[in-house]
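*Asks:* Give me a 3D structure for the following:
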Amino acid sequence: MFKKLGMIITVAFSMLLTPAIQAADAPEKKMTAEEFVASLKFQQGKITVPNGIANLNLSPSFRYLSPEDTEKVLVDAWGNPPGAKTLGMIFPANVSPLSPASWGVVVTYDEDGHVKDDDADSINYDDLLKDMKEANVAANEERKKAGYFPMTLVGWAEKPSYDKTSHKFYWAKEFAGSKAGENSLNYNIRVLGRKGVLVLNAVAGMEQITEVKKEMQNVVAFTEFADGNRYADFDAKSDKVAEYGLAALVAGGVAAKLGFFGKIFAMLLAFKKLLLVGLAAAGAGIAKLFGKKKDGDTGQA
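*Replies:* Have a look, this model is predicted:
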């Protein structure tokens with residue numbers, strides 16, 4: 001039943017965002033890691049995301065970065081390609097984004113219509129995973145051509161589950177890079193709304209799954225749609241219905257369909273690796289400072 005998603009899934013996986021570990025032209029002026037962190041404007045308390053679609057009532061243990069600062073962390077510090085369109089990012093308040101123990105939640109919103117959940121009880125996730133793995137094999141060839149390291153979908157780190165009462169969808173994927181090292185965790189939560197889906201995508205290492213799984217429940221608790229945008233606010237007379245259901249949300253087909261690089265980013269971002277491209281690490285260099293392997297190694301924090 002999922003073969004019709006094959007082509008879409010292939011495109012989506014071809015854009016998976018393991019950072020391309022390549023030489024980068026150094027800017028004329030470099031900053032230290034400390035200066036980089038100091039340049040980030042963290043926010044706490046109640047946050048209304050830029051498009052006004054949702055509110056984040058942050059607990060004291062979390063903090064938020066704007067889309068602009070999120071771009072700096074994801075691109076300059078974690079080594080992802082530029083141009084992602086996010087609504088910001090949520091981080092644990094007690095860990096620096098440059099720490100090997102860091103992890104974060106990329107926030108985006110896909111407004112492609114009201115997603116019906118009629119297929120919630122009929123999805124065979126084992127079959128869906130097989131299709132996704134097949135698409136991944138073909139997609140990795142395209143990734144290599146584009147200059148990115150291949151990455152392999154290992155399987156579910158947590159099998160998908162859908163809460164019909166809250167209209168929240170949970171799952172986690174495990175990815176492996178092309179060389180030995182810690183596998184990456186991509187922990188996903190989708191909050192279905194009136195006209196689209198709020199995407200909460202945690203990026204971490206597999207050894208952090210216990211912590212991330214626990215803390216993502218807190219993230220969901222303080223994340224809510226603004227008045228008039230909740231799932232129950234759907235108006236069948238005026239609101240658009242999405243052309244896809246829950247299966248496509250998991251497969252990543254939606255991202256490919258909705259707009260290439262920017263929206264694929266938040267749904268399929270896979271690796272967290274502290275590259276700090278363009279930053280000057282005081283003393284012995286960035287790799288040594290953060291205990292990272294040499295460029296070209298896909299092991300990550």
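
*Asks:* just the helices in the stretch 1-150 of the chain please.
*Replies:* Using DSSP state H, counting those that start in this stretch, the helices of the stretch 1-150 of the chain run over residues 6-14, 33-38, 67-71, 125-145.

*Asks:* out of those helices, deepest packed?
*Replies:* Of all these, helix 6-14 has the most neighbours on average by mean count of other Cβ atoms under 10 Å, namely a mean of 22. The C-beta positions use only the backbone N, C-alpha and C, and glycine is treated the same way.

*Asks:* now that helix: mean pLDDT?
*Replies:* Mean per-residue pLDDT for helix 6-14: 40.

*Asks:* Could you do stretch 72-85 as well?
*Replies:* On average, stretch 72-85 scores 81.

*Asks:* one step back: save the helices of the stretch 1-150 of the chain as TSV, and put in distance to residue 57 too.
*Replies:* Formatted as TSV, the helices of the stretch 1-150 of the chain follow (distance: least, Cβ to Cβ, whole Å):
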stretch	distance to residue 57
helix 6-14	32
helix 33-38	25
helix 67-71	19
helix 125-145	32
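
*Asks:* Now residue 66. Nearest residue, chain neighbours left out?
*Replies:* Leaving aside its sequence neighbours, residue 66 sits nearest to residue 88 (Cβ to Cβ, 6 or more residues apart in numbering; 5.4 Å).

*Asks:* that older thread, residue 103 is nearest to which of the helices of the stretch 1-150 of the chain?
*Replies:* helix 67-71 (13.7 Å; Cβ to Cβ).

*Asks:* In stretch 77-94, which residues are buried?
*Replies:* Residues of stretch 77-94 classed as buried: 77-81, 84, 86-92 (neighbour count, 16 or more other Cβ atoms under 10 Å).

*Asks:* thinking again about what came up before, so for residue 171, which of the helices of the stretch 1-150 of the chain sits nearest?
*Replies:* helix 125-145 (8.2 Å).

*Asks:* Summarise which helices and strands the closest one is packed against.
*Replies:* When contacts are defined as 3 or more Cβ pairs under 8 Å, 6 or more residues apart in numbering; DSSP states H and E, helix 125-145 sits against helix 6-14, strand 152-163, helix 246-251.

*Asks:* can you give me the strands for the stretch 1-150 of the chain?
*Replies:* Assigned by DSSP state E, counting those that start in this stretch, the strands in the stretch 1-150 of the chain fall at 46-48, 54-57, 62-65, 89-92, 104-110.

*Asks:* hmm, who's touching the first one?
*Replies:* Going back to what we said before, that points to strand 46-48. With Cβ atoms under 8 Å, 6 or more residues apart in numbering as the test, strand 46-48 has contacts from 54, 55, 56, 57, 58, 64, 88, 226.

*Asks:* how about a cut-off of 10 Å?
*Replies:* Applying Cβ atoms under 10 Å, 6 or more residues apart in numbering, the contact partners of strand 46-48 are 54-58, 62-64, 66, 87-88, 90, 107, 222-223, 226.

*Asks:* what about the closest residue in space to residue 119 that isn't next to it in sequence, neighbour count?
*Replies:* Nearest residue to residue 119, sequence neighbours excluded (Cβ to Cβ, 6+ apart): residue 245, at 4.3 Å. Neighbour count for residue 245, taken as other Cβ atoms under 10 Å: 17.

*Asks:* sorry, back to before: what is the most widely separated pair among the contacts of strand 46-48?
*Replies:* Greatest spacing in the contacts of strand 46-48, by Cβ to Cβ: 63 and 226 (20.8 Å).
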